[in-house]
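*Asks:* predicted model, plus sequence, below.
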Amino acid sequence: MTRQKLFVTAFTLLLGTSLSAQDLSVINQQEATRMLQTLSHDNMQGRAAFSAGIEKAADFISSEFQAAGLLPLNSNGSSQGASYRQTFHVHRLTPSQTEVTLGKKKIAPEHLFVNTAHEGINWKHKNKINIISIPAGENFRAAFGKANAEERDAIVLVHPSHAEAFANYRGYFARGGVKKEIGKGSSKVFVLTDQPSPKKYEVKFANKVEKLPLSNVIGMIEGKRKDEFVVFSGHYDHIGFHHTIDGDSIANGADDDASGTTAMMMLARYYKQQPQPERTLIFAAFTAEEIGGHGSRYFSEQLNPDQIVAMFNIEMVGKPSKFGPNSAYLTGYEKSDLGKMMQKRLEGTTYNIHPDPYPEQNLFYRSDNATLARLGVPAHTISSVQIDQDKTYHTVKDEFELLDMPHFTSMIRAIALAAQGVVSGEDTPLRVDKALVR
């Protein structure tokens, strides 16, 4: 049987009698392909934060929201003249000077990195900075996390046996970072050395600081219950340019997360064509997920989390899951009963929502759902990627041509069916226990 015939057969079974009650034809492969191809095209330049490419992507998403007839968030009932952009500012910090001397030995630049939200550091021995050691034999990742969580400033001495892991972390921190605020929190200076705790030290460090804008793109459909919100989301940023493979240096981010953003936009079009929903629906394309989740953090500060009934975050849904056709998984499945409610709505179809099969990957905390979950919202990510086997993740090979569009289209339709109870006000998931979400 051909792939297309398999898709038609599975899709007919998937929808079953539900199709007679809900016309899902607006969610079609042709339109899904158009949107996904546009977001993952080379001219978007990988949609990195602060780039011309992500501005182009934001304009495209805004135009799709307008064409669908969505209202901008917090508008007064009209989209005319209002912006779908939710713009805020962050600080980009780029290291411009790093000099460290331990005892009488000046440390080579490749054996140093700094994690700080301050514009500069100037330490001498008289400052009595805390000294932390990560000796040979320790789990570097765990030891790094513990040292980094210290509230006091510290110099962290890392044994040379951890050189490979140290180099990986240095590669990340040497690029700098993005902070909402500067001048707050402790600073950590990591040094690869076999020296014991030094009697004298000197640290000079400076960051170049730029205040730059970022924008979420937000649309909504006002419900009968204006103050009860259901959020559908995906992050539209990616990593921009990356290691060149076969002459290609653009990390297009087709699955991560043009797929989730496209699914969110298709759901917006679908719900706009239905009768007015009971609850207000918010459709959010988040920025800066790849550099710390700044978009979802800002979004969470603009609403009362107690009014958000549920969040359906969608990420990497362009490839079939390990559970086979017509299946997906929900991160943090056990933290609320939203997954069970979704599955109940899918009874009579061949679609299944499974618990996250990759707990060791920590996926619940690696996407934009985590910010709202920490505030008690039943906020989960729907995904289908086989993350333990996917070789294109964060590479220039994450391209449209590798995605399974019949699977992707059926995923969007299944989410529409699974979310119907929450949208209609018939289902209300339990709140997440904030004490159990770190």
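*Replies:* Structure received.
*Asks:* quick check: G339 touching Y333?
*Replies:* Yes: if you go by Cβ atoms under 8 Å, G339 and Y333 touch, sitting 4.4 Å apart. Placement of C-beta: from N, CA and C, glycine included.
*Asks:* more neighbours: which of the two?
*Replies:* G339 (24 against 19; other Cβ atoms under 10 Å).
*Asks:* is the more buried one located within a helix, as I assumed?
*Replies:* Yes: counting by DSSP: H, G, I helix; E, B strand; the rest coil, G339 is found in a helix.
*Asks:* who's in contact with it?
*Replies:* Neighbour list for G339: L330, Y333, I353, P355, H380 [criterion: Cβ atoms under 8 Å, 6 or more residues apart in numbering].
*Asks:* tell me how far it lies from I382.
*Replies:* 9 Å (Cβ to Cβ, to the nearest Å).
*Asks:* between the two, which contacts overlap?
*Replies:* L330, I353.
*Asks:* all helices for the stretch 201-350 of the chain, in order.
*Replies:* 260-272, 294-300, 338-345 (DSSP state H, counting those that start in this stretch).
*Asks:* who does the longest one touch, helix- and strand-wise?
*Replies:* Read that as helix 260-272. helix 29-39, helix 52-68, strand 201-221, strand 225-235, strand 279-286, strand 308-314, helix 405-418 (3 or more Cβ pairs under 8 Å, 6 or more residues apart in numbering; DSSP states H and E).
*Asks:* give the rounded mean pLDDT of that helix.
*Replies:* In this model, helix 260-272 carries a mean pLDDT of 98.
*Asks:* now that helix - C-alpha only, PDB.
*Replies:* Extracted C-alpha coordinates of helix 260-272, given in PDB (Å, rounded to 0.1, in the frame of the first residue of the first chain):
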ATOM      1  CA  GLY A 260       4.900  23.700  16.400                       C
ATOM      2  CA  THR A 261       4.400  27.300  15.300                       C
ATOM      3  CA  THR A 262       2.700  26.200  12.200                       C
ATOM      4  CA  ALA A 263       0.400  23.800  14.100                       C
ATOM      5  CA  MET A 264      -0.500  26.700  16.500                       C
ATOM      6  CA  MET A 265      -1.400  29.000  13.500                       C
ATOM      7  CA  MET A 266      -3.500  26.200  11.900                       C
ATOM      8  CA  LEU A 267      -5.400  25.700  15.100                       C
ATOM      9  CA  ALA A 268      -6.000  29.500  15.300                       C
ATOM     10  CA  ARG A 269      -7.600  29.400  11.800                       C
ATOM     11  CA  TYR A 270      -9.600  26.300  12.700                       C
ATOM     12  CA  TYR A 271     -11.000  27.800  16.000                       C
ATOM     13  CA  LYS A 272     -11.700  31.100  14.400                       C
END
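*Asks:* report the inter-axis angle for that helix versus strand 308-314.
*Replies:* Going by axes from the mean of the first three to the mean of the last three Cα atoms, to 10 degrees, helix 260-272 is angled at 130 degrees with respect to strand 308-314.
*Asks:* what about helix 260-272, distance to the chain center?
*Replies:* 17 Å (Cα atoms, centre = their mean, to the nearest Å).
*Asks:* these two touch, right, D390 and K319?
*Replies:* Yes: with contact defined as Cβ under 8 Å, D390 and K319 form a contacting pair (7.3 Å).
*Asks:* for the spatially most distant residue from the centre of the chain, give its distance to N130.
*Replies:* In terms of distance from the mean C-alpha position of the chain, K104 ranks first, at 44.4 Å (Cα atoms, centre = their mean). For K104, the distance to N130 equals 22 Å [Cβ to Cβ].
*Asks:* how is the chain carved up into domains?
*Replies:* 3-77+222-436, 91-211 (automatic domain parsing).
*Asks:* how about CSV for the helices of the stretch 201-350 of the chain, with distance to Q22 added?
*Replies:* Formatted as CSV, the helices of the stretch 201-350 of the chain follow (distance: least, Cβ to Cβ, whole Å):
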stretch, distance to Q22
helix 260-272, 9
helix 294-300, 29
helix 338-345, 11
